[in-house]
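Asker: Sequence plus predicted model, see below.
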Amino acid sequence: MKFFTHIALPVFLLPVFLFGHLTTDAQTIIQTNNKIAPELRSAFKQGRQMDFIVVMQQQSKPVPPPSLKLKNQKAQFVYDRLKETAIRTQGNVWRIISTHQATANSLYVVNATAIIQGDEKLARALAALPEVAALAPDPYIQLQEPVQPSQKQDGQRVQERSAIEWGIERINAPAVWALGFIGQGITVGGADTGYDWTHPALKPHYRGNGATPEKIDHNYNWHDAIHVQNPLNSDANNPCGFNTKGPCDDSAHGTHTMGTMTGDDGQGNQIGVAPGAKWIGCRNMERGWGKPSTYLECFEWFLAPTDSNGQNPKPEKAPHVINNSWYCAVEEGCTDLSIDSLLRIAIVNLRSSGVFVVVSNGNAGRNGCASTDGPPAYFEESFSVGATDINDKIADFSSRGPIDIDKSNRTKPNVTAPGVNIRSSTPRGNYDNYQGTSMAGPHVVGLVALVLSARPELAGQVEILEDIIEQTAIFYPDSTGCTPVADARPNNVFGFGRVNALDAVRAALNYVDIQTPLSNTFLVRVMPNPAQTDVFFGFYAAFGPVVLEIFGVDGRMVAERHWAGQGNQEFVQISLSQIPAGSYYWRVRTQEEAAQGLLVRQE
C-alpha cells in the first residue's frame, strides 16, 4: 500500500530587504507579495480562484505543567490554550473574510485558517495583515490505490479465511487476550478515507454503536472533514456525499486499516489486534484525494471531538491513540520549511494533550537508505512504523532511515510490524489483502490499546508508552547498510525491532512510577478479579492512615476509601454496580508503603 499526499508548497522564508528610498506603500506591496506562495500568485494572474491556508505568525505549542498527570487534564489544558491563541489572533482575518463573503474554516490545533476558492483581492488583503505569516496552497492531490499482493499467503485465497490473521499471531496479541486484556476501555481513532461502520467486523466496536437503532449516536464519534466536491475528480457523485453525519468510506483503505486495529465479527474473522477497544473516525480524503487542511481538521477533531454539527468540543472524548496511514513525499513538494511544519505542530499538540500518534513510515524502501522523507513519518514527534513480512523480513517497499531531509541523521522508523499480505475488512462486509506500511501502523495502534487496557493509568503518558513498545520489540540487525553499525539498536530498517504485544504488556504491568515507590512486603488481595458486582480488598499489617483508590482508563478516580489501619487482617468491600465494565487500576497507600494492580469489571 503506497499512500502519498502530493503537496507542492513554498518555503516560508521571508527575506530581509533594505528598502532605502522605497515608499511605505511600495514596501507593503513587496512584503505582501513575499507572503503569498508563488503557486497562488501565478494562479491569481490567470484570474483563477484557489484554495489556500492562511498561516498565522503566532503558533502555540502549550506544554501541560507536571502537576497535570491525567490524560483529561492535559487535554483540557492544551485545548484551552490553543483556542485562546486562535481567538485572540484571528480576529482581523475573519473580519476580512466576512467582508469578502468568503468560505473558510478556522483551525486552532495549528493557528491557521483554510480558505475555499479565494481570489487575489482576498489573498492580498489577508497577506497585508502583520499577524499573518504566509498564504500557502491547499491543493487536492490524488493518492494511489491500495496495493493487493500478487501471491496469496500459503497458496490460498486468504480473504476467504476465518481465523486469527497471521499478523495478529505474529505480534503475540492472542497471548495478551488470554491474560484478559483485549483493549477494553480504550478508544482508538483513525484518519483516513472513512469507515464502513456497518461492517460485521467493525460495527460491534464502533463507539457510536447502540444496542438498538435508537441508541446509535454519531456525536463525538465521527467527523467528516470533506465538505465540498473535489473539482479534479472526474466523477461528481461521491458515494458518501459530503459533511456526512455518520461514518462512511468512499474508498476502502480506511475500513481495511480499522479492521486491523479492532476488527472481529464474532464468527471467526479475528482480524484486529484489540477487539475489545472502541473506535472513532474522521474522513480526511475524498475518494483518495486529500489536502493539507483536511488532514489538519481531523487532527484537530481528535484533540477535542465535537458533536455531529461540529459544535461543543469535548477534549475528554479524545481517543487514546490515532492511526495515520498517509504521508507526503518530499519529491512531491513537502519540505520541512513549508506545510509540514504545520503538520508537525499539530502532532506536537496532540502528543502534549495525551494522544499517542502512530504514522506509517512510507513505501519508498526500494529507493534505498534515507527514503523516509515525507511528513509526518520523518518527524521526531511521530511514532513511525515500518513493514515486515510473515518471516519477519523487512518488506522491500518499507522506507528506511536515516532522516536526511532535515539533515538530522535521525534513525527511523521507530518500530516495525506486519505489513505484507494483510487480510482485513473492506466495505460492504468484504475482506481482502493489502500490503504497505499503511497496514503495519494499525498493528501498533492496536498494541497501544492492549497495553493501556493492562495499565490504564498510563493513559496520556505518551513517552512512557513509546518507550515500552520500543524496548520490548524483537530486534533484527540491519543487513542493508543503512546503519553504520549493523547490530545497532535502533537501526534504520527495523527501528527498535518488530513489535511484541505480550512482552509490551508484561513490561507495562511491571512498570513502576518512580514517584510512587512500591513495597514487596505490603500485600493486598483482590477477590474476585475479574468481578461483577462487588470486590473485596484484603489487607494484612496495614498501620495508620490507609488510602484505597480506583482509577478509570482516562485516569479519573471512580472510587476512594480512607481508614485507619490497625495492623490486623482487614477486608474492604467496594461496590462496582455503578462502574461500567472495563479495566481499572487500583492503588493502596499507607504512610510508608504502597501496592497497585489491575481490576477487571465484567458485565
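Answerer: Perfect, I can see it now.
Asker: From here on, just use CA atoms for contacts and neighbour counts.
Answerer: Will do.
Asker: Show me where the stretch 301-450 of the chain dips below the pLDDT cut-off.
Answerer: Scanning the stretch 301-450 of the chain for pLDDT under 70 picks out the ranges 328-338.
Asker: tell me the strands in it, going along the chain?
Answerer: Using DSSP state E, counting those that start in this stretch, the strands of the stretch 301-450 of the chain run over residues 321-324, 356-360, 383-388, 415-418, 422-426, 430-434.
Asker: would you turn those strands into a markdown table with distance to residue 534 and mean neighbour count?
Answerer: Formatted as a markdown table, these follow (distance: least, Cα to Cα, whole Å; neighbours: other Cα atoms under 10 Å):
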| stretch | distance to residue 534 | mean neighbour count |
| --- | --- | --- |
| strand 321-324 | 31 | 27 |
| strand 356-360 | 33 | 28 |
| strand 383-388 | 40 | 31 |
| strand 415-418 | 40 | 32 |
| strand 422-426 | 39 | 29 |
| strand 430-434 | 42 | 20 |
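Asker: wait, which of these is closest to residue 211?
Answerer: strand 422-426 (22.1 Å; Cα to Cα).
Asker: Tell me which other helices or strands the closest one touches.
Answerer: On a contact count with 3 or more Cα pairs under 8 Å, 6 or more residues apart in numbering; DSSP states H and E, strand 422-426 meets helix 253-262, strand 430-434.
Asker: Give me the angle between it and helix 253-262.
Answerer: Following axes from the mean of the first three to the mean of the last three Cα atoms, to 10 degrees, one obtains 120 degrees for the angle between strand 422-426 and helix 253-262.
Asker: export strand 422-426 as CSV, just CAs?
Answerer: Output in CSV follows, covering the C-alpha atoms of strand 422-426 (Å, rounded to 0.1, in the frame of the first residue of the first chain):
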residue,chain,number,x,y,z
ILE,A,422,-2.6,-8.4,5.4
ARG,A,423,-6.2,-9.6,5.4
SER,A,424,-8.7,-7.2,6.8
SER,A,425,-12.2,-5.7,6.3
THR,A,426,-13.3,-3.8,3.2
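Asker: hang on, residue 539 packs against residue 571?
Answerer: Yes - assessed by Cα atoms under 8 Å, residue 539 is found in contact with residue 571 at 6.3 Å.
Asker: what about residue 507, is that helix, strand or coil?
Answerer: Here residue 507 is recorded as helix under DSSP: H, G, I helix; E, B strand; the rest coil.
Asker: State the distance from it to residue 467.
Answerer: Residue 507 is 10 Å from residue 467, where distance means Cα to Cα, to the nearest Å.
Asker: Just want to know which of residue 539 and residue 571 has more residues nearby.
Answerer: Neighbours per residue, other Cα atoms under 10 Å: of residue 539 and residue 571, the larger number sits with residue 539, 19 against 16.
Asker: what separates that one from residue 585, distance-wise?
Answerer: Distance, residue 539 to residue 585, using Cα to Cα: 17 Å.
Asker: what does residue 292 give?
Answerer: 39 Å.
Asker: ok, now residue 448?
Answerer: Distance from residue 448 to residue 585, by Cα to Cα: 17 Å.
Asker: again with residue 342
Answerer: Counting by Cα to Cα - residue 342 and residue 585 are separated by 37 Å.
Asker: follow-up on the earlier one: between residue 448 and residue 585, which has more neighbouring residues?
Answerer: Legend: neighbour count by other Cα under 10 Å for residue 448 and residue 585, higher for residue 448 (32 against 23).
Asker: Would you agree that one is in contact with residue 321?
Answerer: Yes - using Cα under 8 Å, residue 448 makes contact with residue 321 at a distance of 7.1 Å.
Asker: So which residue is smack in the middle of this structure?
Answerer: The centroid of the chain falls nearest to residue 322 when counting by Cα atoms, centre = their mean (2.3 Å).
Asker: For that one, give me its contacts.
Answerer: Contacts for residue 322 (Cα atoms under 8 Å, 6 or more residues apart in numbering) come out as 188, 189, 190, 191, 355, 356, 357, 358, 445.
Asker: In JSON lines, list the residues you listed along with distance to residue 181.
Answerer: Shown next, in JSON lines, are those (distance: Cα to Cα, whole Å):
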{"residue": "188", "distance to residue 181": "15"}
{"residue": "189", "distance to residue 181": "19"}
{"residue": "190", "distance to residue 181": "21"}
{"residue": "191", "distance to residue 181": "25"}
{"residue": "355", "distance to residue 181": "20"}
{"residue": "356", "distance to residue 181": "19"}
{"residue": "357", "distance to residue 181": "21"}
{"residue": "358", "distance to residue 181": "21"}
{"residue": "445", "distance to residue 181": "15"}
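Asker: Closest one of the residues you listed to residue 565?
Answerer: Of those, the one sitting nearest to residue 565 (Cα to Cα) turns out to be residue 355, at 38.9 Å.
Asker: is it true that that closest one touches residue 317?
Answerer: No - the criterion here is Cα under 8 Å, and residue 355 misses it with residue 317 at 11.2 Å.
Asker: Those two: who's more crowded?
Answerer: Between residue 355 and residue 317, counted using other Cα under 10 Å, the more crowded position is residue 355 (27 against 20).
Asker: From residue 525, how far off is that one?
Answerer: 33 Å.
Asker: what's the answer for residue 603, then?
Answerer: According to Cα to Cα, residue 603 stands 22 Å off from residue 525.
Asker: Which helix or strand lies directly C-terminal to the helix or strand of the chain with the lowest mean pLDDT?
Answerer: Ranked by mean pLDDT, DSSP states H and E, the helix or strand of the chain with the weakest confidence is helix 24-35, at a mean of 64. Next helix or strand after helix 24-35 toward the C-terminus (DSSP states H and E): helix 38-45.
Asker: Show me what that next one is packed against.
Answerer: So helix 38-45, by 3+ Cα pairs under 8 Å, 6+ apart, packs with strand 50-56, strand 132-137.
Asker: circling back to that earlier point, looking at residue 507 and residue 467, which has the bigger crowd around it?
Answerer: Set residue 507 next to residue 467 and count neighbours by other Cα under 10 Å: residue 507 wins out with 17 against 11.
Asker: ok, residue 111 - how many residues close by?
Answerer: Applying other Cα under 10 Å, we find 25 other residues in the vicinity of residue 111.
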